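Enquirer: Got a sequence here, can you build the structure:
(4 chains)
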Amino acid sequence: MASESVTVPAPSAPTSALRRSWIARFSQWKRTWYFLRRNTLAMVGLGILILFAVAFIYGITYSAPGTSAIEYCASDGYQTPVTQPGNPCVNWNPTICTYPLGSAPPGPNCYETPTGFPNFVPPTIFAAGATLGPLPFGSLVWPQELSNQPFFYNTYALLVKGTVNTLFLSVLIVAVGASSGLALGALSGYFGGWVDEVVMRITDIFLSIPSILLVIMVIIVGETVGLTTFDDRLWLIAAAFIVVWWPLYARIVRSQSLVVREQRYVEAARASGAGSGRILRKHVIPNSVYPVFVQMSLDVGSIPLLLAAIAFIGFVLFPSQLVPEWGSIAAAGVAVLPSLFKQCGVSGAACFIPWWQLLFPGLAIFFFAISVNFFADGLRDALDPRLRR
Amino acid sequence: MAGTPMSEGTGSTESGPVLLDVRNLRKYFPIRGGLFSARIGNVRAVDGVSFRIHEGETVGLVGESGCGKTTVGRLLLRIIDATSGHVFYRPTPEASARIEQDLRELAPFSGPDGEGAPLPATAQQALEELDGIADEFSLYRKSRHEMRELRARLQVVFQDPFSSLSPRLLIRDVIGEPLEIQHVGTRQERIERVQQLLQEVGLSPEHAWRFPHEFSGGQRQRICIARALALRPEFIVLDEPTSALDVSVQAQVLGILQKLQQDYRLSYLFISHHLSVVRAVSDRVVVMYLGRVVEQALTDELFGRPLHPYTQALLSAIPIPDPKLHRERIILSGDVPSPAAPPSGCHFHTRCPAVMPICSKVDPPLLENRPGHWVACHLYSPPEVLGSFEGAALPEGSMEVSGASVPGTATASAAGPRLAP
Amino acid sequence: MDDSAAVAPRSVELGSDDRSGASEPPAVASAGEVPASGASPVVLDVRNLVTYFYTYDGVVRALEGVSFKLRRAETLGLVGETGCGKSVTMFSITRLVPDPPGRVVSGTALYRGANLLWGIESEAKFKPVKGTNRVKVKRSFRRVKAGQARVGSVRGGGIAMIFQEPSQAMNPIFPIYDQVGESILEHRGVELVGELLAAHPDPAAFEAAADEIRRAVEAGDTAALREATRRLGTAVGLASAGVQAYYLARQEMAEGRPDYDPSASLKRIARRLYLSGVQRGFLRRELQRLEAERDLRHTYFEEMRQGRSDRIARGRAQARRFRARMREFGYRLPVVKRRVSRPLRDELFWRVVQALEGVQIANPVQVARGFPHELSGGMLQRVMIAMALASDPEILMADEPTTALDVTIQAQILELMNELRHRRGTAILLVTHDLAVIAEVADRVAVMYAGQIVEMAPVKSLYARPLHPYTQGLLASIPRFDQPGKELASIPGSVPNLIYPPSGCRYHPRCPHAMPICKESRPPLTVEGENHHVACFLYSGPTVQE
Amino acid sequence: MRMWVYVVRRAALLVPVLIGVMTVIFVLISALPVQDRTCSFYHPSAHSSPCSTEVQCPGNPSQNCPNPVYEQAVNALGLNKPIPVQWAIYMGNTLTFNWGYVAKGSALGLGNTGSGLPGLAGQPVAGVVANFLPYTLELALLSLAIILLIAIPLGNLSAVYRNRPVDQASRIMSFSGFAIPTFLLGVLALGAVVFALGGPGAQSPFCGAHSPVYLDFYGSWPTPPCAPLYGTSNIGINQYPNWLSQGYISSPTGFPTVDAAIHGQWALAGDTVIRMLLPALVIAYGTIAVLLRFVRNSMLEVMNQDYIRTARAKGLPESTVIRKHAGRNSLNVTITVLGLTFAGFITGFPVIESVFQLWGVGRLFAYSVIGSPINWDLGVLFGTTIFFTILVVVANIIVDVLYAYLDPRVRLG
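Expert: Presented below is the predicted three-dimensional model:
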């Protein structure tokens, strides 16, 4: 009987079976990592993601600076009657003067602007009539629609705090949604029959309701039922998104496990007496999990986008507190823009466009999403042998 | 289904006791369609198949694609359940004797035409008795628990070595899986067993810590064999084990299989469309066409003197790696009909070179033409069968067809029948 | 790697040394019908094919210097284990190697005196990546395109191919008549239109219209031209530009001067006819194509001067020129449904039906209307063959044509191919792993191992006395149902990984007779008796001149 | 031909999905307090609303009496009956387009003169949706056209010219499309265009006396009315595009472009389309990003198939091979993906219509959940949701049928 001419490593010092299997598995991951490393974009994405992780930790430890007017207004939402005496947020009216870059300031409380764009003042804090000095990212003007008075918030502080909420929400939602979808999808794909029918019809239903709408409905119902505190709201949002999210994963996993189910190795396992539970555990799920990884990493990026969209259409995600997520900050920033456009355009009166309110949260969302996409794309290529060229 | 092999003739006398006794096995897959995807028909994948497998023998199951040979394999392992019929596991001699009798009793009533007709008393009790025997021996009557134990003794090796190993598992886990499922031994013992198995199929113990994608087709197939052997089974279904491999590697694998058969005293059901390979390895051959057995005999008998026109055509179609060899082919016209709508009467009559009027009307019974040589063809049907159809004279065609000589006849008869170890 | 310049003398000299060999009676299967193959000319001459695949893991050296010749009406069997490069050879010849990752690095394939792989070396630059064993390939897409255009007309024209898995080789979403029809339209367009013109109810009217066109073109009078062509067009059922171009091209061909330059004439035509954007587009493409095909064209005119098959040559030249026009009408979604005018469409459908009858399909009309998924494998393979024969090719390359089929069907297909080559004198390159099939149908056999031809001989002498250890092992390992006693041998080890091919003779790790020299250097192809070539150090015959 | 069977079966699948959707919504609704339900689902009579349980007694204003309208509402909606009955009633109402009424106190009820929205208090939700529907549909169709026109050719190109400039460009496009928030894109685009056109007051070339069309038929036509090109509300008091509603053309269909065309007002039609162009592009962008990747990948997949090799081996020119053999096969995949992404596509509307301050169903939805709970309008919320869901489901059916038409393997089973 001929022996294969495979390069057999010389039987080294007897290592434990467990250790060897781990070595082998590790070599698998090294292989994936090898292909991932080849992919520049993926590496860039990974780098940015690491930065975000750092920001997350920083955000947890960060506490907003002392009791400036900004913090004062930040601390009480728009619940407190604004007529309360001593509230610097009252009666604010952004009448300011601007002057082109480089020329001499005509007076106090005037801001130099890029030549040609008299409306673009640099990031600055506006308090009642006076300037409180520069802050990173300047201030945020809370739009009229959302409360009955303009307030000033420290965009920087909000961003840092918002990072925590946003990332927490994204990861939580994707993790729970994916795992539940994985379970259900695997079951329905493997057993088929009426189980499959039921699960798939349910996914049909949920997939055909536009996600934002469903999320908002759930949150609103929760609100009216009386879940109003900040934590309640956080969990409520998470729950709403999970309701929206699991069917997607169920679909993916199902289609995968339909393929796996027909594989010969499953049949072989069954032929030697394996029960459904074991086959699901050992064969179906492990073999259909990779696309889920990819989809998960994609979705982590897309949840902040959806949050932003929801916040933007004017739905207040975090009413009681003003430590929202990126979307709400950006939305609050954008919401004032159109009116300001009009104002600036129609009346020649001096006005300003607080562009930084929109820009910085927007950039945060953008970079997070795009880095996640880069990474997910690289991951897909690394995990899919067909694409290894 | 009219006749079933009543005794294995010369074959059975020498070979060991019956391991598996397949009786009138049927498997119909529904065809769904129409507005409400109702069952609008059946694919008759397996349509009344009967044969026996003795201890330590290799039965070859040949036929073209779509003739249901793979389905038979899966039915034997009860990976899927049969529509009707039974697979008796180790029936006692008297039990099989009873089965013979009862089936003979029932023969006139069974089959598609006999449905629904009220049975006479004798047949009725025969049926009940058969039921009793089935309760005792049939795989399809085993409880989940019994089945679980039986599975340790009945194993399978598949055609495609690439889809039959889970890419996520280490070879150690692949081969160890059956042991794990059946809770055999401790973790350490299992690992040792796996390494031993690897050596037995000619791989190195070190390979236990690799992943399937690191192996070539031949090596993968060996791993599959090792997995099948893990539980020391009595019987292995080999479903086209070599048709995905190169010839040189194929020889290796066949060698291993034969060696293991002696070591473990295994019985094989060797499913293949490659007749040369079947001839090389099997003791008895069953030829299937469209879900039915058309011919069954000892290997050399069958290859030496094929009786059924289909078998003859099949043999004559095999290319032989010898340009000097001269022989005139029987080229069959047309394709294999769809098993969803098999032709009436003899399924083969649409392509048969020696077709007679009766063929399209009456199912030819599977009858013992020579000791141990069973054939289902009206050319060899006894007068009483043909008598049922007017104008029943043995036509000219039959002579030259049955006489059509195929290469290898001389050598085969010289070699004499090979018998099971 | 030799270039096409030095080709001509060699081919003659090689031809002579082969003629002696080929004079032995051809294989039984093809007894009699084949014209004395000694006289039959070489239709395909492949030299030193080198094809690599540039993957992440490294450069797979799939082919290392494969050379062989194919004669008229001969069947050459290319046999070997999986991954030995037999299919790659076939695809390399017609530039069908999937790219990326594969590239034909060098080599020549002389077909009708023209090198199909001309300029293949200049198509890409290779730069090894430091630290890895990968190579970065930088392609010049313009050159690649030109190369593709060069073989474009030969593919399916002179050299037709059929593939292994017919159910996947047919496009699932187009009906059969469409897929066969477009092939016919591609290669038989001219004859079709010619017949349609001839079948025109009133030839006189046609001629008159034609004269009008010529006059109009001379005068550059567009209005008159449009009018005349419209009449002609409706008369023949072709859109006007097609007829104009066809007609003018035919005019200029008829004048058949030796210095005749179609591309120039086409420029002229393009200038004269005020063509629509689409028409100008395809004329431009046609010009490119003609540039690329110049050397092919010359061979045709040589033939003309030899007075050999004058008509065929002209037909081919016309066909090539006309194809471009037909495309404009022919190639949209279901070809034969749209854009092609009704008369041509109907004609085409019946051509398809005829073609299907030609490959013994029982109910050609239903089959022609059907879709691939409705047909069985054997049926589809027949359709594939019909498609390949649409252009009456000189060479038919078959890649494992029967591997996916049952034995009885396989017998039918092989029978068909045999009978076809005897009727039409087509040369067949049969790629398969099944030595038995080769023995049945082939005249000569080339055994490949790890990207090299290790042995090449007439089928009889190869099976009678296989020389190369690999061939011997291979033959020993085949189970034969006519020799039940036979003990199955097997070749130890497995096919080498071609990223790190063994040094010297690539077979030496598995070879029972391996010698020290086998590790060092690659054995040359030596002649061992009647036209029997073998590459092994065990034999010391004269090396093949090359 | 089994095509019709297939179509019917697909259409039949529509029913359970819709029922399921309504049930989901019903479950959410039935979690609400009774008052909210009466308030938003029962017709408010002239004198009193069903929102409160008690009203001032007609006799003496000092004390409160139970509100009869509230009682009626509770009975009519079966809120005092077991859940299944409530469900049945709800389904009945929904299927008869009785989707509730715009609440008085809500933002929609009050209206917003600034953005041209009249107070809709007490109007039936279905009617309001029907009023706002045409604009959204036109927008959707326009952006769908844009999506198909860009995504498919670009995807095919980037597959054919893999890793070359076209491919890189499309990759950048799709990545950015994935990543950039719709509203951010919208605002930036709006700002850019507004400034490019020279300030917010910029007007469309089709309006006013300088409109080319107007110049052609000088005098014979009324001067096309002008309004700032962007940032102008698209409805007037009569829920009709206000740059058309200068009072001299009627609105037979409600579709602004169509109406303008019917009246032969090409200037106005062009004007409307120009106004829709930017929002349509912005909405399209995200979907294009998704579709691009799928088209490209499926095209690559197809290009590796055997039948492509066959087509090449036949000697067909590359253009034919790609356009016919590969293109048609990858088109099937594209269409399925389009169906899957349609729901995501729809979610863009509330955002974009808010950014551009256009009044379509999307903004209707947005406005129904704006600000603090006092301003919410649950009836409109659920109504618009049902509408959008129906849109998605129907789109999916169409896609399936299209797919079956394109792929004989599906059509012929």
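Enquirer: Next to chain C, which bits of the stretch 151-300 of chain D? Give me the list.
Expert: In this structure, the stretch 151-300 of chain D approaches chain C at residues D:Tyr161, D:Arg162, D:Arg164, judged by Cβ under 8 Å from any Cβ of the partner chain. Where C-beta positions appear, they are placed from N, C-alpha and C, glycine not excepted.
Enquirer: Inside helices: which ones of those residues?
Expert: Of the positions in these, not one sits in helices, assigned by DSSP state H.
Enquirer: Any chance of those residues in JSON lines with pLDDT and distance to chain A as columns?
Expert: Shown next, in JSON lines, are those (pLDDT from 0 to 100; distance: Cβ to the nearest Cβ, whole Å):
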{"residue": "D:Tyr161", "pLDDT": "87", "distance to chain A": "16"}
{"residue": "D:Arg162", "pLDDT": "82", "distance to chain A": "10"}
{"residue": "D:Arg164", "pLDDT": "84", "distance to chain A": "15"}
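Enquirer: Closest one to C:Tyr52 out of these, please.
Expert: Ranked by distance to C:Tyr52 (Cβ to Cβ), these are led by D:Arg162 at 19.2 Å.
Enquirer: Would you map the helices across the stretch 201-350 of chain B?
Expert: Using DSSP state H, counting those that start in this stretch, the helices of the stretch 201-350 of chain B run over residues B:217-229, B:247-264, B:275-281, B:299-304, B:309-317.
Enquirer: And the longest one, what does it pack against?
Expert: By that I understand helix B:247-264. Using 3 or more Cβ pairs under 8 Å, 6 or more residues apart in numbering or on different chains; DSSP states H and E as the contact test, the elements touching helix B:247-264 are helix B:217-229, helix B:275-281, helix C:469-477.
Enquirer: Measure how far the longest one is from the centre of its chain, please.
Expert: Relative to its parent chain, helix B:217-229 has a centroid offset of 21 Å by Cα atoms, centre = their mean, to the nearest Å.
Enquirer: go on, the second one?
Expert: Taking Cα atoms, centre = their mean, one finds the center of helix B:275-281 at 14 Å from the center of the full chain.
Enquirer: And stretch D:38-45, by the same measure?
Expert: 26 Å.
Enquirer: Most tightly packed of the helices and strands packed on helix B:247-264?
Expert: Highest mean neighbour count of these: helix B:217-229, a mean of 26 (counted as mean count of other Cβ atoms under 10 Å in any protein chain shown).
Enquirer: Most proximal residue of the stretch 251-400 of chain C with respect to chain B?
Expert: C:Ser376 (4.6 Å; Cβ to the nearest Cβ).
Enquirer: Pull the contacting residues for that residue.
Expert: Residues near C:Ser376 by Cβ atoms under 8 Å, 6 or more residues apart in numbering or on different chains: B:Asp335, B:Val336, C:Ile409.
Enquirer: tell me the phi and psi of the first one?
Expert: In this entry, B:Asp335 is assigned phi and psi values of phi -110, psi 170 (degrees, to the nearest 10).
Enquirer: quick one: which of the residues of the stretch 151-300 of chain D next to chain C is nearest C:Arg139?
Expert: Nearest to C:Arg139 among these: D:Arg164, at 9.7 Å, using Cβ to Cβ.
Enquirer: need the contact list for the closest one.
Expert: C:Phe141.
Enquirer: just to revisit the earlier point, so which of the helices and strands packed on helix B:247-264 comes closest to chain D?
Expert: helix B:217-229 (20.8 Å).
Enquirer: on that earlier part again, out of the residues of the stretch 151-300 of chain D next to chain C, who's nearest chain B?
Expert: The closest of these, once distances to chain B are taken by Cβ to the nearest Cβ, is D:Arg162, at 25.6 Å.
Enquirer: Helix or strand for the nearest residue to the closest one once chain neighbours are set aside, just tell me which one.
Expert: Among residues not flanking D:Arg162 along the chain, D:Leu300 sits closest, at 7.1 Å (Cβ to Cβ, 6 or more residues apart in numbering or on different chains). Using DSSP states H and E, D:Leu300 maps to helix D:266-303.
Enquirer: Tell me how many other residues crowd whatever residue of the stretch 251-400 of chain C ends up closest to chain A.
Expert: Across the stretch 251-400 of chain C, the shortest distance to chain A (Cβ to the nearest Cβ) belongs to C:His373, at 19.1 Å. By other Cβ atoms under 10 Å in any protein chain shown, 15 other residues sit near C:His373.
Enquirer: Quick check: closest non-adjacent residue to it.
Expert: The nearest residue in space to C:His373 (Cβ to Cβ, 6+ apart) is D:Arg409, at 5.2 Å.
Enquirer: Show me the helices in the stretch 301-413 of chain D, by range?
Expert: D:306-313, D:318-320, D:327-355, D:361-368, D:378-406, D:408-411.
Enquirer: what's next to stretch B:156-164, contact-wise?
Expert: A:263-265, A:267-268, A:271, B:73, B:77, B:79, B:217-218, B:220-221, B:223-225, B:228, B:236-241, B:243-245.
Enquirer: Swap in 6 Å and give it another go.
Expert: Contacts with stretch B:156-164, where a contact means Cβ atoms under 6 Å, 6 or more residues apart in numbering or on different chains, come from A:263-265, A:271, B:77, B:217, B:220-221, B:224-225, B:228, B:237-241, B:243-244.
Enquirer: returning to what we had before: test my guess that the residue nearest to D:Arg162 contacts D:Ala159.
Expert: Yes. Applying Cβ atoms under 6 Å as the test, D:Leu300 and D:Ala159 come out as touching, 5.0 Å apart.
Enquirer: more crowded one of the two?
Expert: D:Ala159 (23 against 18).
Enquirer: mind listing what the closest residue to that one other than its chain neighbours touches?
Expert: What sits nearest to D:Ala159 in space, not counting adjacent residues and going by Cβ to Cβ, 6+ apart, is D:Met299, at 3.4 Å. D:Met299 sits next to D:Asn156, D:Ala159, D:Ser330 when contact means Cβ under 6 Å, 6+ apart.
Enquirer: Which residue does the stretch 251-400 of chain B have closest to chain D?
Expert: For the stretch 251-400 of chain B and chain D, the shortest gap (Cβ to the nearest Cβ) falls at B:Ala340, measuring 12.4 Å.
Enquirer: Looks to me like D:Gly254 is in a strand.
Expert: No. Under DSSP: H, G, I helix; E, B strand; the rest coil, D:Gly254 falls outside any strand and is assigned coil.
Enquirer: Without its sequence neighbours, what residue ends up closest to it?
Expert: The nearest residue in space to D:Gly254 (Cβ to Cβ, 6+ apart) is D:Pro134, at 4.3 Å.
Enquirer: Identify the residues contacting the helix or strand hosting B:Gln195?
Expert: Secondary structure assigned from DSSP H and E places B:Gln195 in helix B:187-200. Here helix B:187-200 makes contact (Cβ under 6 Å, 6+ apart) with A:Ala17, B:Arg172, B:Ile175, B:Gly176, B:Leu179, B:Pro205, B:His207, B:Ala208, B:Ala226, B:Leu229.
Enquirer: Go again with 7 Å.
Expert: With contact meaning Cβ atoms under 7 Å, 6 or more residues apart in numbering or on different chains, helix B:187-200 is reached by A:17, B:172, B:175-176, B:179-180, B:184-185, B:204-205, B:207-208, B:226, B:229-230.
Enquirer: ok, back up a step: which stretch among the helices and strands packed on helix B:247-264 approaches C:Ala114 most closely?
Expert: The minimum distance between C:Ala114 and the helices and strands packed on helix B:247-264 falls on helix C:469-477, with 33.4 Å, by Cβ to Cβ.
Enquirer: And the helix or strand following the closest one, what's buried?
Expert: Following helix C:469-477 in sequence order, the next helix or strand is helix C:516-520 (DSSP H and E). Using 16 or more other Cβ atoms under 10 Å in any protein chain shown as the test for burial, helix C:516-520 gives C:Cys518.
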